[in-house]
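Structure for the following, please:
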Amino acid sequence: MNTNRHLFSGMPSQLLKSDGHLSDDWLLLSIDGALSASNHSRVEEHVRACWTCRARMEQLEKTIREIVEYEHALAAPDMPPSPGGRSIFMARLNQLAGELGRPSLIRRWTVTLLQTSRSTLSSRVGWATSAALTAAVVLYLAFGHRAPPVSASELLQRAAASRESQGTEINQLVAVQRVTIKVGSRRATRTLYRDNIRKRQAYRTDVSTMEERTIEQDFERSSFSWNDPLSPETYSQWRDVTVEKRDVVTELTGGLLRLDTSASSGPVAEASLTVRSTDYHPVAEDLHLRDNTEIEVAELSYAVVGLSALTSDIFGSLASPEPPRLPAISSASSVHAMPLDAGQIAASELRVRTILHSLGADLGEQITIRSTPNGLIQVDGTAEDETRKRQITSALAGIQHTQLRITTVGQAAVQPQTGRSLTDSNSATVVTGNPPLLEEQLEKRFPGSDQRTQYVNLSLSLCESASARAWALNRLADRYTPGQIALLDSDAQRQLQSLLTDHITALREDVSRLQNQLGQVLSSASNTAAANTTSSPAITTEPDDWRRRTHRVHSSVEITNEAVSVLLAGSSEISDSPDKLQLRLRTTLTQLQAELQLLDQQIHKQL
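Residues are numbered from 1 along each chain as shown. Below is the predicted model:
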């Protein structure tokens, strides 16, 4: 770690090691209070910023305390106080320094202990104590803080290579790894089966599908791999894209090495990967997210076996892009392949739609969502610019079963068009050619041309907003058939209900504002009791549901847009008289409000 090297300009270079850490000499001088005020301040600042040096200083202080306590407990009762003690010792030390030059602080500490022992210890117990303490200091300084055997990058490279080399003598090998994953207060045990040659995976877990999905969604906020949580490759990828990071490799007891990495940005604030020092096999991982979520992964067992040792259908179809979910772990369960989880696919798609809605990307932007033949969710779209593209792709990144193909307008201009954009149908189209039917009323109500333009633009904007909401509702009604809704669990269904309700609430507000806006120019003759009274829904033999009513709402919004376009902006085709058209517009808006209220009730009742 070289981040604080600039703090030590002017210090003896031999006391600052090549890796940027403080030497033991500097740490001991700081503990002993033998540094100048400025140097002591610099050491303290470095120790605060450097995990390794902080840990070494704490261990040195602990060792010194133990030495003092041990000496006092065994030797102090049998020793008379030295008459000249410290002054004689310091004189001798100064004489030696002048004759021999400045030895290392480690050597000076050893000499100090030996000289003090000779001058103050006369008993056999004292000499034994002195020898033991001297040996302890020498062994601690010589072996207690050896530099880590590898760098962070080398550790990760060796960890990745260790998995590739395991079991190479086995034909059709399969790695079977059992891990426990703890996210916050939730915990799951997963058994992962990986055929790295054919790129196949399967898994089983000891929790319910709903519980697993909740843990998985929280875990994936880290951007680490849910289906390979101890992957050194994933750790390396996260570390490589982190601009400002700090790495510390520490030797642990039990033959383990731990890499700690802190990041200044991104969802993961700190991460650690623990490997065996003998073969660099990963055995544990800890992630601390920036929102204070704690994720712990620990390996319970790992083995590489031949495919013949497992059931022949463990991986299911070779074409499956995602690992099949096997039966939950229990004493009575056996391992069988299961088809791709349609419920997880449906939940991921709904999550995509919800995120796009939160970004306003479902209201006319050129983004389509479709299912591919192999069961994935394909998101295609054209963003206005690179900033918008990054916003969308960043928000959707990490959602399982999802593939993104988002381009910018500039990129799309040089690419062949592959499909019809959403904006082909979800906004009001104004075709000018004839003067608006209410031109006379507009000039009377708004004498200034700027006022008229502002009024017409606001009215058309409200129509366009209502049309975008109606098209969004219509797409959701077409997509979420009873069969598709049945795939969603209760939490996902509530999420769908919230998404629909949000569109309805915004559409009701647009319709209400449009009614008030148009009331300024529509003739009083159209303001009849019939136009302001809602009619009862037509009686049909088929049971009504929210999808059918959504389609009716969409049709009413399109009728409204057409009428407003003709009345305020002009149109090349006029089929009704102005009075008749105004009456129909008022009636449609009134009926639309009633339909939206009923639709809201149906959604809360049927979902």
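
For the residue nearest to residue 351 when sequence neighbours are not counted, what are phi and psi?
In this structure, residue 351 finds its nearest non-sequential neighbour in residue 399, 5.7 Å apart by CB to CB, 6 or more residues apart in numbering. Bear in mind the C-beta positions are built from the backbone N, C-alpha and C, glycine included. Main-chain torsions, residue 399, degrees, to the nearest 10: phi -80, psi 130.

same question, the one 4 residues further on
Backbone geometry at residue 403, expressed as degrees, to the nearest 10, gives phi -120, psi 130.

and it, what are its bridge partners?
Residue 403 forms beta bridges with residue 378, as assigned by DSSP bridges.

List the residues that contact it.
372, 376-379 (CB atoms under 8 Å, 6 or more residues apart in numbering).

Now that you've got the residues you listed, can you turn the buried subset into something I can paste into ChimeraX?
Filtering the contacts of residue 403 down to the buried ones (16 or more other CB atoms under 10 Å) takes a single ChimeraX command:
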select :376,377,379
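
can you pull out the strands in the protein?
For the chain, applying DSSP state E gives strands covering 173-183, 186-195, 200-205, 245-252, 256-263, 268-276, 282-289, 294-306, 366-371, 377-383, 402-408.

my guess is residue 446 meets residue 455, correct?
Yes. Residue 446 lies in contact with residue 455 (CB atoms under 8 Å); the separation is 5.6 Å.

Distance of residue 199 relative to residue 250?
34 Å (CB to CB, to the nearest Å).

now swap in residue 436 and tell me
77 Å.

the more surrounded of these two?
A count of neighbours by other CB atoms under 10 Å puts residue 436 above the other of residue 436 and residue 250, at 21 against 15.

dump the residue contacts of that one.
442, 456, 566-570.

May I see the buried residues of stretch 511-523?
Neighbour-count burial for stretch 511-523, with 16+ other CB under 10 Å as criterion, is recorded at 511, 514-515, 517-518, 521-522.

what does stretch 355-366 give?
Neighbour-count burial for stretch 355-366 [16+ other CB under 10 Å]: 356-357, 361-366.

and those residues, which two are the farthest apart?
357 and 366 (15.6 Å; CB to CB).

sorry, back to before: sort out for me which of the buried residues of stretch 511-523 are in helices.
511, 514-515, 517-518 (DSSP state H).

quick one: which of the residues you listed is nearest residue 490?
Nearest to residue 490 among those, with distances taken as CB to CB, is residue 511, at 31.3 Å.

dump the residue contacts of that closest one.
Contacts of residue 511 (CB under 8 Å, 6+ apart): 466, 560, 589, 592-593, 596.

10 Å - rerun?
Neighbouring residues of residue 511 by CB atoms under 10 Å, 6 or more residues apart in numbering: 462, 466, 469-470, 553, 556-557, 560, 588-590, 592-593, 595-596.

Of these - the most surrounded one?
residue 557 (29 neighbours).

Distance check, the residue lying closest to it once chain neighbours are set aside against residue 599.
Among residues not flanking residue 557 along the chain, residue 470 sits closest, at 4.0 Å (CB to CB, 6+ apart). Per CB to CB, residue 470 is found 11 Å from residue 599.

Overlap in contacts, the two.
503, 507, 550, 553.

Burial check on residue 443, number of neighbours?
13.

Local confidence estimate at the closest residue in space to it that isn't next to it in sequence?
Of all residues not flanking residue 443 in the chain, residue 452 sits nearest, at 7.0 Å (CB to CB, 6+ apart). Residue 452 is assigned a pLDDT of 88 by the prediction.

likewise the one 5 residues further on?
Reading off the per-residue confidence, residue 457 sits at a pLDDT of 90.

Count the residues that sit near it.
Residue 457, neighbours per other CB under 10 Å, totals 12.

how much space between it and residue 446?
The value you get for residue 457 to residue 446, if CB to CB is used, is 12 Å.

Repeat that for residue 247.
Taken as CB to CB, the span from residue 247 to residue 446 is 68 Å.

Check residue 246 too.
65 Å.

If you tally nearby residues, what's the number for residue 454?
12.

for it, what are its contacts?
446, 448.

for the one 4 residues further on, same thing?
Applying CB under 10 Å, 6+ apart, we find residue 458 in contact with 513-514, 517.

Repeat that for residue 448.
Contacts here follow CB under 10 Å, 6+ apart; on that basis residue 448 touches residue 454.

biggest helix in the protein, by residue count?
Per DSSP H, the chain has its longest helix at helix 449-479.

buried set for it?
For helix 449-479, by 16+ other CB under 10 Å, it's 452, 455-456, 459-460, 462-477, 479.

go on, stretch 492-500?
492-493, 495-496, 499-500.

Which pair in the residues you listed has the greatest spatial separation?
It's 492 and 500 that sit farthest apart of the buried residues of stretch 492-500, by CB to CB, at 12.8 Å.

rewinding a little: check the buried residues of stretch 511-523 and tell me the two furthest apart.
Most distant of the buried residues of stretch 511-523, by CB to CB, are 511 and 521, 17.0 Å apart.

Tell me which of the strands of the chain lies nearest to residue 152.
Set against residue 152 and scored by CB to CB, the strands of the chain come closest in strand 245-252, at 3.7 Å.

domains of this structure?
Split into domains by automatic domain parsing, the chain comes to 5-144, 152-339, 425-606.

Flag the shaky bits of this structure, pLDDT-wise.
Judged by pLDDT under 70, the chain has its weakly predicted residues at 1-19, 68-149, 164-172, 196-198, 308-309, 311-340, 412-433, 530-544, 571-575.

count of neighbours near residue 482?
9.

how close does it get to residue 606?
10 Å.

contacting residues around stretch 497-509?
350, 353-354, 357-358, 362-363, 462, 465-474, 476-477, 480, 546, 550, 553, 557, 592-593, 596-597, 599-600, 602-604, 606-607.

Kindly format the C-alpha coordinates of that stretch as PDB.
Below are the C-alpha coordinates for stretch 497-509, written out as PDB (Å, rounded to 0.1, in the frame of the first residue of the first chain):
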ATOM      1  CA  GLN A 497     -51.000  -4.300  -8.600                       C
ATOM      2  CA  SER A 498     -48.900  -1.400  -7.500                       C
ATOM      3  CA  LEU A 499     -47.500  -0.800 -11.100                       C
ATOM      4  CA  LEU A 500     -51.000  -0.800 -12.500                       C
ATOM      5  CA  THR A 501     -52.400   1.400  -9.800                       C
ATOM      6  CA  ASP A 502     -49.700   4.000 -10.400                       C
ATOM      7  CA  HIS A 503     -50.500   4.200 -14.100                       C
ATOM      8  CA  ILE A 504     -54.300   4.500 -13.300                       C
ATOM      9  CA  THR A 505     -53.800   7.300 -10.700                       C
ATOM     10  CA  ALA A 506     -51.600   9.300 -13.100                       C
ATOM     11  CA  LEU A 507     -54.100   8.800 -15.900                       C
ATOM     12  CA  ARG A 508     -57.000   9.900 -13.800                       C
ATOM     13  CA  GLU A 509     -55.100  13.100 -13.000                       C
END
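
ok, the spatially closest residue to residue 581 that is not a sequence neighbour - contacts?
In space, residue 581 comes closest to residue 563 once its chain neighbours are excluded; the distance is 5.6 Å by CB to CB, 6+ apart. Going by CB under 10 Å, 6+ apart, residue 563 touches 437, 463, 518, 571, 576, 581-582, 584-586, 588-589.

Go through those residues and flag which are in helices.
463, 518, 581-582, 584-586, 588-589.

could you redo those residues as JSON lines and give each row distance to residue 173?
Below are these laid out as JSON lines (distance: CB to CB, whole Å):
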{"residue": "463", "distance to residue 173": "64"}
{"residue": "518", "distance to residue 173": "73"}
{"residue": "581", "distance to residue 173": "75"}
{"residue": "582", "distance to residue 173": "78"}
{"residue": "584", "distance to residue 173": "73"}
{"residue": "585", "distance to residue 173": "72"}
{"residue": "586", "distance to residue 173": "75"}
{"residue": "588", "distance to residue 173": "68"}
{"residue": "589", "distance to residue 173": "69"}
